[in-house]
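Enquirer: sequence first, then the predicted structure:
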Amino acid sequence: MEHIVIIGNGISGVTAARHIRKNSDKKITIVSAETKYFFSRTALMYIYMGHMKFEHTQPYENWFWDKNSIDLKEGFVSKVNTDTKTLNFKDNTTLTYDKLIIATGSKPNKFGWPGQDLDGVMGMYHKQDLESLEKHAPNNKVCKRAVIVGGGLIGIELAEMLRSRKIPVTFLVREASFWNGVLPAQESALINKHIKEHHIDLRLSTNLKEIKSDANGKVKSIIIEETGEEIFCDVVGLTAGVTPNIDFLKESGIETKRGVLVNRFLETNIKDVFAIGDCAEQHEAIGQRRNIEAVWYTGRMMGETVAQTICNKKTEYKPGHWFNSAKFLDIEYQTYGWVFS
């Protein structure tokens with residue numbers, strides 16, 4: 001029986017597994033190093049804010065996987081050998097596949113800042129980040145101030161999370177106005193004002209120079225590049241965008257640039273190996289879209305598309321009209337089609 005292995009149990013990988021199962025009785029194994037069961041990544045903030053419990057973010061019951069004969073292998077893939085079709089894991093176990101789908105998502109950008117790996121520095125992307133935040137910022141007595149670096153959606157969400165526990169937040173945004181690469185000037189200015197009204201110390205046109213450590217290897221403060229100002233803090237959130245999570249593919253022969261290079265059928269340069277979601281990079285952009293799209297719904301569509309191809313119904317990935325939505329600080333943002341800033 002043909003064995004399909006999917007590395008990554010985010011929205012892309014799990015959608016692919018579901019649709020392969022819907023259309024076939026192939027053996028399916030999902031590999032996950034993060035959590036045992038799929039959860040909605042975009043809902044992590046609501047757990048910290050007390051609106052939901054972790055189990056509420058799991059779209060499927062835990063028995064769903066057994067019922068649908070989808071196996072789970074917990075572990076971290078350290079190497080892919082495409083000649084022998086074998087995955088090597090950090091714990092020295094192996095797994096062989098007939099067809100492989102890489103759906104390993106993104107990891108937060110780090111730009112070589114001094115101190116970027118100190119205790120108390122985190123992204124806001126994985127369940128482990130949430131656990132780290134609970135440890136370092138359970139309340140405003142343990143965390144007297146947090147500094148967030150990077151002015152995207154994850155940054156503003158993290159600021160909102162920390163403010164929900166009354167933790168003071170300084171928000172460093174490199175650009176001259178918040179999200180001005182996406183929004184027209186007037187709307188961007190409106191959001192700057194809105195952020196400040198929510199008692200967030202917004203610093204525009206401001207870059208991080210370094211993160212300083214106390215005697216125990218924990219965050220003590222940050223230094224601002226432009227002015228040399230030191231801001232004392234207990235937590236630093238790095239939210240300056242994300243990069244495809246593909247370091248483990250270095251010696252695999254699978255062609256990569258920033259992400260795993262794929263054609264319109266989500267195939268890599270190696271037969272029987274596919275890539276979907278945040279970690280996939282189109283050789284040539286589709287229309288005006290970016291070559292890499294770290295967006296929830298495109299990941300889901302890629303999962304559906306690749307499942308058709310694996311079930312012998314070769315299907316081209318056609319994402320259609322661009323759209324996206326977000327919600328932060330009681331603002332609901334939606335965009336359909338192309339809106340240039």
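Expert: Structure's in. What do you need? Numbers count the residues shown, from 1 in each chain.
Enquirer: in the stretch 201-341 of the chain, which spans are helices?
Expert: Taking DSSP state H, counting those that start in this stretch as the test, the helices found in the stretch 201-341 of the chain are 296-310.
Enquirer: for it, which spans come out with low pLDDT?
Expert: 339-341 (pLDDT under 70).
Enquirer: strands along the stretch 201-341 of the chain, start to end?
Expert: 208-213, 219-224, 230-232, 235-238, 242-244, 260-262, 273-275, 280-282, 323-328, 331-336 (DSSP state E, counting those that start in this stretch).
Enquirer: reformat these as TSV; add distance to residue 103.
Expert: No exception for glycine: its C-beta is placed from N, CA and C like everyone else's. Putting the strands of the stretch 201-341 of the chain into TSV (distance: least, Cβ to Cβ, whole Å) gives the following:
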stretch	distance to residue 103
strand 208-213	31
strand 219-224	32
strand 230-232	38
strand 235-238	23
strand 242-244	11
strand 260-262	10
strand 273-275	7
strand 280-282	8
strand 323-328	20
strand 331-336	25
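Enquirer: which one of these lies nearest to residue 27?
Expert: With respect to residue 27, and counting by Cβ to Cβ, the nearest of these is strand 273-275 at 16.5 Å.
Enquirer: and that closest one, what's buried?
Expert: Neighbour counts using 16 or more other Cβ atoms under 10 Å place 273-275 of strand 273-275 among the buried residues.
Enquirer: any residues touching it, and which ones?
Expert: 82, 99-103, 254, 259-260, 262, 266-268, 306, 309-310 (Cβ atoms under 8 Å, 6 or more residues apart in numbering).
Enquirer: and the buried residues of strand 273-275 as JSON lines, adding distance to residue 233?
Expert: Listed next are the buried residues of strand 273-275 as JSON lines, based on distance: Cβ to Cβ, whole Å:
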{"residue": "273", "distance to residue 233": "43"}
{"residue": "274", "distance to residue 233": "42"}
{"residue": "275", "distance to residue 233": "37"}
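Enquirer: for residue 40, state which of these is nearest.
Expert: For the buried residues of strand 273-275, the nearest to residue 40 is residue 275 (21.9 Å; Cβ to Cβ).
Enquirer: please name the nearest non-neighbouring residue to the closest one.
Expert: Nearest residue to residue 275 in three dimensions, chain neighbours excluded: residue 260, at 3.7 Å (Cβ to Cβ, 6 or more residues apart in numbering).
Enquirer: what sits against residue 318?
Expert: The contact partners of residue 318, by Cβ under 8 Å, 6+ apart, come to 286, 305.
Enquirer: report the secondary structure state of residue 46.
Expert: When classified by DSSP: H, G, I helix; E, B strand; the rest coil, residue 46 comes out as helix.
Enquirer: can you map out the helices along the stretch 51-200 of the chain?
Expert: Under DSSP H, counting those that start in this stretch, the stretch 51-200 of the chain gives helices at 64-67, 127-136, 153-164, 185-197.
Enquirer: gap between the residue lying closest to residue 99 once chain neighbours are set aside and residue 259?
Expert: With sequence-adjacent residues excluded and distances taken as Cβ to Cβ, 6+ apart, residue 99 is closest to residue 272, at 4.6 Å. Distance, residue 272 to residue 259, using Cβ to Cβ, to the nearest Å: 19 Å.
Enquirer: so these two - more neighbours on which side?
Expert: Taking neighbours as other Cβ atoms under 10 Å, residue 272 and residue 259 compare with residue 259 leading, 24 against 16.
Enquirer: residue contacts, the residue nearest to that one when sequence neighbours are not counted?
Expert: In space, and not counting its chain neighbours, residue 259 is closest to residue 281: 3.2 Å by Cβ to Cβ, 6+ apart. Residues near residue 281 by Cβ under 8 Å, 6+ apart: 244, 256-262, 291-292.
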